[in-house]
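Visitor: Provided below for reference: sequence and predicted model.
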Amino acid sequence: MNETDLLDLPFHHEPVLLADVVELLAPRPGARFVDCTLGGGGHAAALLAAGVELDGFDRDAYAIRAASTRLQPYLDAGALRVHHAPFADAARVLRESAPGVLYDGILADLGISSHHVDQAARGFSFQSDGPVSMVMDGRDAPLSERLDNVDEPTLTRLLREYGDEPNARRVAQTILFGRPWSGTRALAEAIAGVAAKTRGTHKATRSFQALRIWVNDELGQLDVALAELPELLAPGGRLAFISFHSLEDRRVKQAFAALAGVGAPTDLYGHPLVKPRFRLVDRRKGEDRDPNPRARSARLRVIERC
Ligand SMILES: C[S@@+](CC[C@H](N)C(=O)[O-])C[C@H]1O[C@@H](n2cnc3c(N)ncnc32)[C@H](O)[C@@H]1O
């Protein structure tokens, strides 16, 4: 299936922690905002309804189309600009398109949308059969191609680091030996045959997560965003990240702590020697605040530029 056919697939995604995002980012008329991960446009719709001007990014052409359709009136009114690009490019794109502009609110709601898992043709699902793809951006090399260019020790390390798979070596051997895979279901069944037991989830869950993170360079993207996005904030502007697993949340937590000067040298009275340019605003857990099952593992963290 090519990218044009994919654009006709239905798109559904319920935004997580919507009320918390709106409360903590406090959108107001005329404020300048960035949504790094438009998805189905749920968070963006709420921010735009509050009167902000928004630059929206997504690396997935399908999400760009779904969000643009939903938010068409804001596009027509010039309140929304949409960029089909990964968020690691967001700072550059914004500096080029709007030099010198600083932003009052920036949101990144990480990972994949429900659409990616629901639509087998996207190649993320192990419940239903689809191509061995897992790419969010159709311009990137699919999983099938990546598997042809990886060695066993590297794949083992990826499955261990990104998926916490205790039987990583056996899983890696099975994946490489069985190539080419006819589809995601055959791949998932083969993985489940050698992966360690899981509680209540499909035995391929950990490996599929690892493969997805690898194919989309999700942690590399996150590291660039954490380094560059804070510098785009105006004084008093806030940056919010929603993450869905500990690999992401740990990075966000550490980057925010460093920006806020946590652990930085202090004088005899405990005052920081260098005044931090950011402050930690809040952190919230999805399971405490949102009945949406997708929110169960969600972690929201927010910082503010001083
Ligand atoms: C959890 S969904 C966002 C849902 C959105 N907040 C909403 O309300 O519908 C994550 C979205 O981020 C996109 N995405 C993931 N990583 C990205 C990246 N590095 N750059 C740009 N978009 C990315 C995915 O394609 C997906 O559409």
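Guide: Everything's here; your move.

Visitor: Please count neighbours and contacts with C-alpha atoms only from this point.
Guide: Noted.

Visitor: Is stretch 102-112 in proximity to the ligand?
Guide: Yes - applying Cα under 6 Å from any ligand atom, one finds stretch 102-112 touching the ligand at 109-112.

Visitor: Give me the contacts around that stretch.
Guide: Here stretch 102-112 makes contact (Cα atoms under 8 Å, 6 or more residues apart in numbering) with 25, 27, 31-37, 136, 218, 229, 232-244.

Visitor: re the thing from before, who wins for neighbours among the residues of stretch 102-112 next to the ligand?
Guide: With neighbours taken as other Cα atoms under 10 Å, the top of those is residue 109, carrying 23 neighbours.

Visitor: And that one, how far from residue 46?
Guide: Computed as Cα to Cα, to the nearest Å, the residue 109 to residue 46 distance reads 14 Å.

Visitor: Same question for residue 19.
Guide: With Cα to Cα as the criterion, residue 19 and residue 46 are 9 Å apart.

Visitor: So those two - more neighbours on which side?
Guide: The residue with more neighbours, out of residue 19 and residue 46, is residue 46; 16 against 13, by other Cα under 10 Å.

Visitor: Touching, that one and residue 21? I think so.
Guide: No - Residue 46 sits out of contact with residue 21 when judged by Cα atoms under 8 Å, with a separation of 9.4 Å.

Visitor: What residues sit buried inside stretch 117-133?
Guide: 117-126, 128-133 (16 or more other Cα atoms under 10 Å).

Visitor: scratch that, stretch 133-147
Guide: 133-138, 142-144, 147.

Visitor: what does stretch 260-278 contact?
Guide: 259, 279-280, 303-306.

Visitor: Adding pLDDT, write those out as TSV.
Guide: TSV is the format used below for the contacts of stretch 260-278 (pLDDT from 0 to 100):
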residue	pLDDT
259	97
279	98
280	98
303	98
304	98
305	98
306	97
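
Visitor: Give the buried subset of these as a PyMOL selection command.
Guide: Burial among those is assessed by 16+ other Cα under 10 Å; the matching PyMOL selection reads:
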select buried, resi 259+279+280+303+304+305
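
Visitor: Looking at the contacts of stretch 260-278, which is nearest residue 168?
Guide: Using Cα to Cα, residue 259 is the member of the contacts of stretch 260-278 that sits closest to residue 168, with 35.0 Å.

Visitor: Tell me if I'm right that residue 83 and residue 57 touch.
Guide: Yes - the criterion here is Cα under 8 Å, and residue 83 meets it with residue 57 at 4.8 Å.

Visitor: Just the buried residues of the helix or strand harbouring residue 159, please?
Guide: Assigned by DSSP states H and E, residue 159 falls within helix 152-163. For helix 152-163, the neighbour count (16+ other Cα under 10 Å) marks 152, 155-160, 162-163 as buried.

Visitor: Could you write out the alpha-carbon coordinates of that helix in PDB?
Guide: Taking Å, rounded to 0.1, in the frame of the first residue of the first chain, the C-alpha atoms of helix 152-163 are listed here in PDB:
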ATOM      1  CA  GLU A 152      22.600  -9.800  15.500                       C
ATOM      2  CA  PRO A 153      24.500  -8.100  18.400                       C
ATOM      3  CA  THR A 154      23.100  -4.700  17.400                       C
ATOM      4  CA  LEU A 155      19.500  -6.000  17.200                       C
ATOM      5  CA  THR A 156      20.000  -7.900  20.500                       C
ATOM      6  CA  ARG A 157      21.100  -4.600  22.200                       C
ATOM      7  CA  LEU A 158      18.200  -2.700  20.700                       C
ATOM      8  CA  LEU A 159      15.600  -5.300  22.000                       C
ATOM      9  CA  ARG A 160      17.200  -5.200  25.400                       C
ATOM     10  CA  GLU A 161      17.600  -1.400  25.700                       C
ATOM     11  CA  TYR A 162      14.400  -0.300  24.100                       C
ATOM     12  CA  GLY A 163      12.100  -3.200  25.000                       C
END
